[in-house]
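In: Would you be able to build a 3D model of this:
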Amino acid sequence: MNTLTRPGNATLIWGLTLISLAFLFPPVAAQETATGLRIVALNLTAQEEGRATPEGADAPASRPGDLIEYRLSFTNTREGAVGNVVFDDPIPVGLVYVEGSAGAEPENVVVEFSIDGGDSYTANPEIEVEEAGERVRRPAPAEAYTHVRWTVQGTLAPGEEVRAVFRVRVSAGIARTQ
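Out: All right, here's what the predicted structure looks like:
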């Protein structure tokens, strides 16, 4: 995890690197940092089928089609309020974003996506395609999503928490390369 702070305006940018390979991804994985960020990944399909193991235990490999849910929570552990909190999560190769699954609480959190490796973000990524000899913009397919980002509007008081979530599906093959 990389943490960048800019003196004077308490900007925190969280870059999460969740290393997961499509067929080695554990159904339950948790990571907690001293900065107040906790990441949990749950294989919802394995839980439903009885293949899941308790949190922290060695887990069997995920299978194509398995539904994985990432749960991220950030708690302001500082003594004062922090503003402009941004954290993002790359979608590992071999996993495909499930459209409409990203969200956050409280309501003052904006969710955006990248389809270019995290270079740019937008709420509704688009791609340019050719139709009838003309270039037109269309919504990007879920397979094109590379990152999810949450931006807190305003400040977080000491002890205040942001909860974020998104889901991915283990693809039958490599959906894209990063």
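
In: so who does Ser120 touch?
Out: Ser114 (CB atoms under 8 Å, 6 or more residues apart in numbering). Backbone N, C-alpha and C define where each C-beta goes, glycine included.

In: distance of it from Asn108?
Out: As judged by CB to CB, to the nearest Å, Ser120 and Asn108 stand 22 Å apart.

In: For this protein, which segments are assigned as helices?
Out: 44-49 (DSSP state H).

In: Okay, strands next: where are they in it?
Out: In the chain, the strands defined using DSSP state E lie at 2-6, 11-15, 28-32, 37-43, 67-75, 82-90, 95-97, 103-105, 109-114, 126-131, 134-139, 147-152, 155-156, 161-170.

In: and the ones you listed as TSV, adding mean pLDDT and mean neighbour count?
Out: Shown next, in TSV, are the strands of the chain (pLDDT from 0 to 100; neighbours: other CB atoms under 10 Å):
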stretch	mean pLDDT	mean neighbour count
strand 2-6	25	10
strand 11-15	32	18
strand 28-32	40	15
strand 37-43	75	20
strand 67-75	91	20
strand 82-90	90	19
strand 95-97	95	24
strand 103-105	96	16
strand 109-114	97	19
strand 126-131	92	10
strand 134-139	94	9
strand 147-152	96	22
strand 155-156	92	19
strand 161-170	94	20
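
In: As a markdown table, those strands with distance to Arg51 would be great.
Out: A markdown table is the format used below for the strands of the chain (distance: least, CB to CB, whole Å):
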| stretch | distance to Arg51 |
| --- | --- |
| strand 2-6 | 33 |
| strand 11-15 | 31 |
| strand 28-32 | 11 |
| strand 37-43 | 8 |
| strand 67-75 | 12 |
| strand 82-90 | 24 |
| strand 95-97 | 17 |
| strand 103-105 | 26 |
| strand 109-114 | 29 |
| strand 126-131 | 35 |
| strand 134-139 | 33 |
| strand 147-152 | 26 |
| strand 155-156 | 37 |
| strand 161-170 | 13 |
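
In: what number of residues lie near Ile115?
Out: 22 (other CB atoms under 10 Å).

In: Quick check: Leu44 vs His147, distance?
Out: Between Leu44 and His147 the computed distance is 21 Å (CB to CB).

In: do the same with Glu69
Out: Using CB to CB, Glu69 is found at 17 Å from His147.

In: got a list of contacts for stretch 127-144?
Out: Against stretch 127-144 from outside (CB under 8 Å, 6+ apart): 96-99, 115, 124-126, 171, 175-176.
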